[in-house]
Every structure is written in C-alpha cells, then in structure tokens.
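**Student:** Sequence and predicted structure are below.
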Amino acid sequence: MPANKVYVRTFGCQMNEYDSEKITDVLRDEQGWQITRQPEDADLIVFNTCSIRDKAQQKMRSDLGRLRALKDANPQLLIGVGGCVASQEGAALLDSAPFVDLVFGPQTLHRLPGMIAARRASGRAQVDVSFPEMEKFDHLPPPSKSGPCAYVSIIEGCSKYCSFCVVPYTRGEEASRRLDDVLTEIADLADQGVREVTLLGQNVNAYRGAMGTTLGPAGGASESGECADFALLLELVSEIPGIERIRYTTSHPREFTARLIEAHARLPKLALHVHLPVQSGSDRVLAAMKRGYTALEYKAIARRLRAVQPAISLASDFIVGFPGETEDDFQQTLQLVEELQFDASFSFVYSRRPGTPAADLADTTAPAVKLARLQRLQSSLDAIEARISREMIGQVHPVLVEGFSQRNPGELTGRCSNRRTVNFVADPALVGTFVDVRITQALKHTLRGEPVVDTLGRLAA
C-alpha cells in the first residue's frame, strides 16, 4: 500500500512553523506519512493557523473554504485545522466549515494520529483543543533536520495578558520545558548538522526551566525545585559542540533582565540581533495595552544592550491606532523610532480580537487616519533600515550559508548575525558552513556580497 501523504500549510509566527514541523514528524514517525507539496495529492490537508490579527484569520478562512471542492471530489480526504484559530473556536469552527474533520490546538498536535484513527473509525469530526501542559514534548519523536538552521520551542503560552492580545487564550499560560530536554533536542540537532538554532516562545526570555533531580525517601526521582533562567540556558546552549550561532524570539521588555543583557556581552555565539516588541512610544497607550513598562524603561534596556554590544541590531513590533491613540501619542512613537533607530521592524494597524479586554474599548479613530499613521511609521522604519543596509557596504560579515537563492538558483543565500539576508555566488559545497562575505550592494530587502578570499585564492576560513 502506498504511504499516506500530508500537506501542511502554516500561517503566522515561527512558533507555528516549529509546530508544523512537529506535526509532520509525528505523522511520519507513528504512521509512516510522507510530506507532499501539492494539496491535490494529499490524503490529509492541515492548516496550522494564526489568530493574532483579523486579516490573517480571514485569509485562512478564505483559503480553507477552497478546500471544500477537493473534499467533494475525494470524500476520503481528511482536512484538519490546528493552531490558534482552532484553539480559539474549538468545535464552533465546524459550524462554519462542516467539511473539516480534525480540530486541534497547539498543545495537542501530538494526538493527531489518534484523532485520525478515531475519525476514520467513527465517521465523526474530532476536536481536541485542551491545554495539557508540556505533554506534547513527551510524545514528539527525536528532531529530524536536514538544513543548517532550526527552531526549538522552549516555552509555551503567555501569562502577560496584554489587553489587545489573544495568545494567552489560545496557547494557555506560560510553561517552560525542562532544561535537559531543551539541551538534548539542540544537541541532537547539532549532530545532524544544524549550526544555528533559534529559541522560540511567545515570551522566550520568561523561560524558567526545571533543572536537576533528587531522590525521594523511596528512591524515586523528583524535581529538585531549582530552575534555569533564560540567561543560563543561553550559556549552556553556547557550549554545545556544533552550535555556532544562537537567536531567540520573541522577547518581552518586562523579562529583559540584567543577566540577559550581560549574556550579550559574554557569549560570542549570541547573534547581534534582538527582536524586542515595544508596540507604542506613548506611556498612556502602553498602560492601556497593559504592557507593564514605560517608554523610558524600554529605552533604558536598549541603551544598556548597545553599551555592552554596540553592533547589536534592535528590531521591534508596533501597533498603530490602538483604541484612544491620539496624534500626540503617535508622535511619541515616531520620536522613539528616531531615537532608537530600529532595524527591520514589524508594524500593523490595531486589529480587534474578540474576547480580549481591548475589544470593549471605545475606538473613534477613523480607519483612514490609522492607515495614514501606519504609512508614516513604515516610511520612517524603512528609511532607517535602508540606511543601515547602506552602511554595511564594504564590511565583511560571517554568513551562514542556508541554501540556494529562491530568485536565482545559481546563487547561495544566508544571513548575517544581524539577520540581514545576503545573496552571493560561491561553491554550492559551502551550504551549511559559515563564510566571510564582503557586502557589495544594498537592495530593498536583501544584500549582495562576495566571498572573501585570501592571497592564495582560497575561501577565508
């Protein structure tokens, strides 16, 4: 019998990308499923969804509706919806999409093989959007990776409850993986050729992982009660042979400790890039968002980071048009941008999410005004990003070669420590290695470069 085939489409953040990899890992390991890139060839189609903004959720719903024709043509086809939309809506999702067979949340993806079996046996749709803390990590197969970069989830959920954000309701409270589990996964990846690892979490720097065990009176093992903070985790990951660069996302200003800042001074494997969402430069808006810090406190973190690591690239997130935002509030955001010179940030118009506290706030700002503010902010951010790219011309940067350029298969592509993408011509045998590249040109979203060679014409080590 030919193997079943699964097609997975991912919406949203890196956490969802990581979860999608685990979905295919679980199906392959337990039931021999194979991945297909063509939904028409699939026996199971999974949409791993995001609900952080209404636009992304509506896009997913539109694309999901198009699967009905495939289902009508092939009644044996299974359709699954996972991720945050599934967690948010649960069984109610079947009311608008009755052709869906499986609904599962981020914490129950490991139960997918059993849900498939139950669906085939009973003929009824299966729904499991519970929050079993850390259970999925005990049931995932060992990591399997063919490229030089990998994501590793270290903390699930969020306990910050920002007034605009749906994540605590779709992914649950913060729960950290055990320290040794994280280190084992990363060591396994390093053995497979991974050279750069990105540690993931909704608030990744809130990590507090249990470490060590003690023997109880009957000789059984129990937790020692000690926890590793994020700074200690970074230190231990940097000691794993084969791992040469460490990234993390997304961090929260409330958890950006002095120990974490010191880690950027002490650990050369830490990438020169920090993604630290600020959302607004107005203290009044930040308070309404329940972010838990002021603009001055945020700026203090940025200045301390740059004091210990002057070359660091600071990226951020911004929400424009939060309910009650005035022109003065927005001007304070623009001033913050100019003062801190953010690099490669993300900005969006506020998206009302049902069930969040902000959804009940009065919002009198016209959509056209919000859009105009967004365009002004993005113009400022784009100008800063372009300047930083131009300043890199002539500099030499170590680039981890990730593969071939999508636009030009004759070129290699990789990223600098500051997360800039660089395309250049070189020997394909360099994929998976670090290469010193001199930047020669700054384009809108990428850089071009050339490998540095020594006097004998060999690539520099």
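**Tutor:** Great, that's in hand.
**Student:** contacting residues around the residue lying closest to Y248 once chain neighbours are set aside?
**Tutor:** Spatially, and ignoring its direct neighbours in sequence, Y248 is nearest to L199 (4.2 Å; C-beta to C-beta, 6 or more residues apart in numbering). Backbone N, C-alpha and C define where each C-beta goes, glycine included. By C-beta atoms under 8 Å, 6 or more residues apart in numbering, L199 lies in contact with 152, 154, 207, 233-234, 237, 246-249.
**Student:** Apply 7 Å and report the result again.
**Tutor:** Contacts for L199 (C-beta atoms under 7 Å, 6 or more residues apart in numbering) come out as 152, 154, 248.
**Student:** could you measure the last one against F256, distance?
**Tutor:** So the one you mean is Y248. Distance from Y248 to F256, counting by C-beta to C-beta, to the nearest Å: 11 Å.
**Student:** before we move on, what about the second one?
**Tutor:** For I154, the distance to F256 (C-beta to C-beta) stands at 16 Å.
**Student:** And for the first one?
**Tutor:** Taken as C-beta to C-beta, the spacing of V152 relative to F256 amounts to 20 Å.
**Student:** and what of H273?
**Tutor:** Relative to F256, H273 is positioned 14 Å away (C-beta to C-beta).
**Student:** ok, back up a step: CSV for the contacts of L199, including pLDDT, neighbour count and distance to F330?
**Tutor:** Shown next, in CSV, are the contacts of L199 (pLDDT from 0 to 100; neighbours: other C-beta atoms under 10 Å; distance: C-beta to C-beta, whole Å):
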residue, pLDDT, neighbour count, distance to F330
V152, 96, 20, 37
I154, 97, 24, 35
Y248, 98, 25, 30
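**Student:** So which of those residues sit within strands?
**Tutor:** Within the contacts of L199, residues falling in strands by DSSP state E are 152, 248.
**Student:** Pick out whichever of the contacts of L199 sits closest to L334.
**Tutor:** For the contacts of L199, the minimum distance to L334 (C-beta to C-beta) is 27.8 Å, reached by Y248.
**Student:** I'd assumed Y207 was in contact with that closest one.
**Tutor:** No. Between Y248 and Y207 there is no contact under C-beta atoms under 7 Å: 9.1 Å.
**Student:** Just list the residues touching F256, thanks.
**Tutor:** By C-beta under 7 Å, 6+ apart, the contact set of F256 is 205, 276, 301.
**Student:** Now do the contacts for the nearest residue to the second one once chain neighbours are set aside.
**Tutor:** Read that as L276. Excluding its sequence neighbours, the residue lying closest to L276 (C-beta to C-beta, 6+ apart) is S251, at 5.3 Å. S251 makes contact with 204-205, 274-276, according to C-beta under 7 Å, 6+ apart.
**Student:** Quickly note the distance from S251 to V197.
**Tutor:** 16 Å.
**Student:** residue ranges with poor pLDDT in the protein?
**Tutor:** Along the chain, segments meeting pLDDT under 70 span 1-2, 213-224, 454-461.
**Student:** Leaving out the residues flanking it, which one is nearest to A359?
**Tutor:** Nearest non-adjacent residue to A359 (C-beta to C-beta, 6+ apart): R352, at 5.2 Å.
**Student:** For G82, see how far away that neighbour is.
**Tutor:** Distance, R352 to G82, by C-beta to C-beta: 24 Å.
**Student:** Tell me which of those two has more neighbours.
**Tutor:** G82 (26 against 14; other C-beta atoms under 10 Å).
**Student:** Could you pull up phi and psi at that one?
**Tutor:** For G82, the backbone dihedrals (degrees, to the nearest 10) come out as phi -120, psi -170.
**Student:** wouldn't it be in contact with F104 here?
**Tutor:** Yes. Using C-beta under 7 Å, G82 is in contact with F104, at 4.9 Å.
**Student:** so what does the longest helix along the chain touch, helix or strand wise?
**Tutor:** Longest helix in the chain, counting residues (DSSP state H): helix 367-391. Judged by 3 or more C-beta pairs under 7 Å, 6 or more residues apart in numbering; DSSP states H and E, helix 367-391 is in contact with strand 317-320, helix 327-340, strand 346-349.
**Student:** rerun that using 8 Å as the cut-off
**Tutor:** On a contact count with 3 or more C-beta pairs under 8 Å, 6 or more residues apart in numbering; DSSP states H and E, helix 367-391 meets strand 317-320, helix 327-340, strand 346-349, strand 434-442.
**Student:** Find the one among these with the highest mean neighbour count.
**Tutor:** Across those, averaging neighbours per residue (mean count of other C-beta atoms under 10 Å) puts strand 317-320 on top, at a mean of 22.
**Student:** Contacts for that strand, please.
**Tutor:** By C-beta under 8 Å, 6+ apart, the list of residues contacting strand 317-320 from outside reads 164, 250, 275, 277-280, 289, 330, 333, 345-350, 370, 373-374, 377.
**Student:** Ok, stretch 289-306 next?
**Tutor:** With C-beta under 8 Å, 6+ apart as the contact definition, stretch 289-306 has outside contacts at 160-164, 253-254, 256, 258, 261, 264, 274, 276, 278-283, 286, 312, 314, 319, 322, 332, 336, 339-340, 357-358.
**Student:** Tell me the buried residues within those residues.
**Tutor:** The neighbour count (16 or more other C-beta atoms under 10 Å) marks 160, 162-164, 253, 256, 261, 264, 274, 276, 278-283, 286, 312, 314, 319, 322, 332, 336, 340, 358 as buried among the contacts of stretch 289-306.
**Student:** Give the buried residues for stretch 302-311.
**Tutor:** Those would be 302, 304-306, 309, for stretch 302-311 by 16+ other C-beta under 10 Å.
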